[in-house]
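**Student:** model this:
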Amino acid sequence: MTTSNWYVLSVAAGAEQNAARKLSKITDNVAAPEQIIYRRRNNRLMAESRLLFPGYVFVQIAKLTAETYHLLKECPGVLRLLGKTGSAMPMPVPSEEMQVILGLYENYDRYLPAFREERLRFGGSKHPLLLDAVRWADGVEITSPIPPGVAIMKVDARARKAQATLRLYDEDIYLTYALRYVADNRPKSNPNKAHG
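**Tutor:** Residues are numbered from 1 along each chain as shown. Modelled structure (predicted):
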């Protein structure tokens with residue numbers, strides 16, 4: 001998949017999948033990628049599907065014309081196209097920024113070694129963003145390589161997730177990574193020790 005001629009549309013909350021379906025009638029390459037995250041419910045970890053970029057849909061268009069621009073803008077749920085300066089047509093996502101986004105999928109084996117057997121596509125399938133980590137008494141150490149352009153902002157050891165940001169058109173896009181503990185190095189409590 002090439003990194004050129006990708007545009008980002010800001011869409012209404014909850015309308016991402018519907019907008020992606022409607023936009024697929026305009027262009028073939030439309031994506032509202034999803035990820036699997038793990039949430040603690042009733043003392044169990046449950047897998048849930050979540051949008052990787054809530055509020056955004058990606059479209060690849062060979063040449064954005066005035067006619068295509070208006071078709072995109074008039075699509076139900078679309079609020080605006082990012083990268084628009086003044087009255088000019090929006091600029092495509094810079095290749096180096098789009099490379100980071102596509103790299104989350106195309107370099108999947110490098111960043112997510114535990115899921116090598118899974119086949120992922122940028123589009124219709126679920127995309128778990130996962131980081132291997134080691135849990136210590138005083139925190140968490142992430143052992144997976146972090147994709148270039150992604151910055152980890154906050155780690156929640158109990159919920160097994162990390163909040164990260166990715167720069168896109170000089171805006172921060174927020175991501176959630178699931179954490180998989182490959183080792184738990186917290187001190188073990190001794191059940192035989194008498195409590196006083």
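**Student:** quick one: distance of the helix or strand where K22 lies to the chain centre.
**Tutor:** Element membership for K22 (DSSP states H and E) is helix 16-23. Distance, stretch centre to chain centre, for helix 16-23: 17 Å (CA atoms, centre = their mean, to the nearest Å).
**Student:** now for it, which elements pack on it?
**Tutor:** In terms of contacts (3 or more CB pairs under 8 Å, 6 or more residues apart in numbering; DSSP states H and E), helix 16-23 is packed against strand 6-11, strand 29-31, strand 56-60. All C-beta atoms are positioned from the backbone trio N, CA, C, and that covers glycine.
**Student:** what's in contact with it?
**Tutor:** 9, 11-12, 30-32, 51, 54-57, 59, 72, 75-78 (CB atoms under 8 Å, 6 or more residues apart in numbering).
**Student:** so how far does stretch 46-58 reach from one end to the other?
**Tutor:** 28 Å (CA to CA, to the nearest Å).
**Student:** go through that stretch and flag the buried ones.
**Tutor:** Buried residues in stretch 46-58, counted by 16 or more other CB atoms under 10 Å: 51-53, 55-58.
**Student:** pLDDT averaged over stretch 3-11 - what is it?
**Tutor:** The pLDDT scores in stretch 3-11 average 89.
**Student:** okay, that stretch in PDB with CA atoms only?
**Tutor:** Extracted as PDB, the C-alpha positions of stretch 3-11 are listed here (Å, rounded to 0.1, in the frame of the first residue of the first chain):
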ATOM      1  CA  THR A   3       1.800   6.300   1.400                       C
ATOM      2  CA  SER A   4       0.800   8.900  -1.100                       C
ATOM      3  CA  ASN A   5      -2.500  10.700  -1.700                       C
ATOM      4  CA  TRP A   6      -4.100   9.800   1.600                       C
ATOM      5  CA  TYR A   7      -6.500  12.300   3.100                       C
ATOM      6  CA  VAL A   8      -8.000  12.400   6.600                       C
ATOM      7  CA  LEU A   9     -11.700  13.200   7.200                       C
ATOM      8  CA  SER A  10     -12.900  14.300  10.600                       C
ATOM      9  CA  VAL A  11     -16.300  12.600  11.200                       C
END
